[in-house]
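> generate a structure from the sequence data that follows.
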Amino acid sequence: MEKKMKEINKTVNKIIEDVKSKGDAAIRYYTKKFDNIELGSPSVTKLDIKSAYKQVDKETIKTLKFAKKNIEFFARQQLKQFRNFEVRNNGVRLGQRVIPIEKIGVYIPGGNYPLPSTALMCIIPAKLAGVKQIIACSPKIKAETIVAADIAGADKIFRIGGAQAIAAMAYGTKQIPKVDKIVGPGNIYVTAAKKAVYGDCGIDFLAGPSEIMIIADETGNAEYIAADLLAQAEHDINAKTYLVTTSKELARKVNAQIKIQLPRLKTKRIAGLSLKNGDILIVKNLNDAVKIANEKAPEHLEIQVKNPEAIVRKLKNYGSLFVGENTAEVFGDYCSGINHVLPTNGAARYAGGLSVKDFVKIVTYQKFDRKVPKDMIKAASKLADIEGLDAHRRAAVIRLKNTKIVQTSLTGK
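Alright, predicted model coming up:
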């Protein structure tokens, strides 16, 4: 795997350098090379958007708008938690401002399946946060994704993908604007590109293969559990699925259900392969299940137990939590309102999912009254002295003009 990643990084770095130096010509070259598409203009025009609406049935448009309404509702509640404020303490006014990031780039995968839901999840909270310009990039973009991006509020849409799309958003070309931050999931090349441009451009986080863990006792619904595991497994062959249960009988039933349900799926080949990455773990009690979940920090964590509240408070590490047998992870994927762009590979130990917070900067300010309190000056000058930063010390004590102590400090005598 390490050797493979070196090759991937080498390829990605070459693509990034080509986009930086050759701009749109490099975008066209790599789109032809990887997607086998002769790209004229990468822009999805207003005429293209109008055409996309004609290609998408009314029920789909209605569904996208339903999902948008729910995602907006939750994002709006999140935004309320971040507010401007000002307080006074020891002679100084201290404040916080919540400022929207100006330009956001959204990556929408378009590999195995079109993902209009990702367009909604990434663009809607950015729009609500007050971002001035939102651009979206997606390879082999389908009409449904174009419509979703438009409904969500994208200002510009481009039909490009891969590492070249990340490079274009990070550094800009004549046709593709440079952004301040890039969000959205992607394959291993997209993830490597996001990692490579970080610092020159902000990113949300590095997403890996999708994951689900289900904790269940003997009351778990085997049919539902199997369906939810398979729903996650069909994402791609590297997806990971885990059932952690206190019941051997439930484990047997879930296995039986998987054998019944898998052959019926249109995506049975991918789901069948990815199931090999997962496991069913039998534990003595739910405390052991909680310990495993907290150590694994799964992207999606479902709970199907008799008394869920008894363990929910003990669960600390997960991307998003789904409580009760009817709370399928798929509802979070699409339309319940929470965001489906979530941390993977254990990143839920220190990060949550995409939210309004990813599209704002929380900045601070201070303003002293005309006279700075002496204890503030003394504390600052003392700490500067301890750290050996003499200019820092002088910048503090100079505020105490016309005093014997300050004059001595400023002359160094």
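> going forward, measure contacts and count neighbours with C-alpha atoms only.
Noted.
> helices of the stretch 101-250 of the chain, start to end?
The residue ranges that make up the helices of the stretch 101-250 of the chain, judged by DSSP state H, counting those that start in this stretch, are 116-129, 143-152, 162-171, 188-197, 222-233, 248-261.
> distance between the second one and the chain's centre?
Pointing back at helix 143-152 there. The gap between where helix 143-152 is centred and where its chain is centred comes out at 19 Å by Cα atoms, centre = their mean, to the nearest Å.
> kindly report the same for the third one.
Between the centre of helix 162-171 and the centre of its host chain there is 17 Å, according to Cα atoms, centre = their mean.
> now that helix: buried residues?
The neighbour-count criterion (16 or more other Cα atoms under 10 Å) identifies 162-171 as the buried residues of helix 162-171.
> show me what that helix is in contact with.
Contacts made with helix 162-171 from outside it, assessed by Cα atoms under 8 Å, 6 or more residues apart in numbering, are listed as 12, 15-16, 19-20, 23, 26-27, 30, 105, 107, 137, 139, 176-182, 186-187, 189-190, 192-194, 197, 200-201.
> just the buried residues from these, in ChimeraX please.
Typed into ChimeraX, the line below selects the buried ones among those, using 16+ other Cα under 10 Å:
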select :12,15,16,19,20,23,26,27,30,105,107,137,139,176,177,178,179,180,181,182,186,187,189,190,192,193,194,197,201
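> now intersect the contacts of helix 162-171 with the strands, please.
105, 107, 137, 181-182 (DSSP state E).
> and those, which two are furthest apart?
Cys137 and Lys181 (13.3 Å; Cα to Cα).
> what is in contact with the two at once?
Gly105.
> for the record, mean pLDDT for the helix or strand hosting Ile8?
With elements taken from DSSP states H and E, the one containing Ile8 is helix 2-22. On average, the pLDDT along helix 2-22 is 94.
> now stretch 277-289
When pLDDT is averaged along stretch 277-289, the result is 97.
> and stretch 306-324, by the same measure?
What stretch 306-324 shows for mean pLDDT is 96.
> and that stretch, how far from the chain's centre?
Offset of stretch 306-324 from its chain centre (Cα atoms, centre = their mean): 21 Å.
> over to stretch 357-368?
Mean C-alpha position of stretch 357-368 versus that of the full chain (Cα atoms, centre = their mean) differs by 21 Å.
> ok, residues contacting it?
By Cα under 8 Å, 6+ apart, the list of residues contacting stretch 357-368 from outside reads 78-79, 82, 91-101, 104, 125-126, 129, 131, 204.
> out of the residues you listed, which are buried?
Among the contacts of stretch 357-368, those that count as buried by neighbour count (16+ other Cα under 10 Å) are 79, 82, 92, 96-101, 104, 125-126, 129, 131, 204.
> state the helix or strand in which the closest residue to His392 other than its chain neighbours lies.
Residue nearest to His392 in three dimensions, not counting chain neighbours: Ala384, with 5.8 Å by Cα to Cα, 6 or more residues apart in numbering. When elements are assigned from DSSP H and E, Ala384 belongs to helix 374-387.
> which helices and strands does that helix pack with?
Helix 374-387 sits against helix 390-397, with contacts defined as 3 or more Cα pairs under 8 Å, 6 or more residues apart in numbering; DSSP states H and E.
> report the buried residues of the helix it packs on.
Using 16+ other Cα under 10 Å, the residues of helix 390-397 that count as buried are 392-394, 396-397.
> repeat for stretch 78-90
The neighbour-count check on stretch 78-90 (16+ other Cα under 10 Å) flags 79, 82 as buried.
> could you do stretch 353-364 as well?
Result for stretch 353-364 [16+ other Cα under 10 Å]: buried residues 353-360.
> specify which member of those is nearest to Leu286.
For these, the closest approach to Leu286 (Cα to Cα) belongs to Gly353, at 25.4 Å.
> any idea how far Leu275 is from that closest one?
When distance is defined by Cα to Cα, to the nearest Å, Gly353 is 24 Å away from Leu275.
> bridged to Gly105, which residues?
With DSSP bridges applied, Gly105 shows beta-bridge pairing to Ile135, Ile182.
> dump the residue contacts of it.
Applying Cα under 8 Å, 6+ apart, the residues near Gly105 are 134-137, 169, 179-183.
> on that earlier part again, please save the CA atoms from the helix holding Ala384 in CSV.
The C-alpha atoms that make up helix 374-387 are tabulated as CSV, following Å, rounded to 0.1, in the frame of the first residue of the first chain:
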residue,chain,number,x,y,z
LYS,A,374,-1.2,48.3,35.0
ASP,A,375,-1.6,44.6,35.9
MET,A,376,-2.2,43.8,32.2
ILE,A,377,1.0,45.6,31.2
LYS,A,378,3.0,44.0,34.0
ALA,A,379,1.7,40.5,33.1
ALA,A,380,2.5,40.9,29.4
SER,A,381,6.0,42.4,30.1
LYS,A,382,6.8,39.6,32.6
LEU,A,383,5.7,36.8,30.2
ALA,A,384,7.7,38.4,27.4
ASP,A,385,10.7,38.6,29.6
ILE,A,386,10.4,35.0,30.5
GLU,A,387,10.3,34.1,26.8
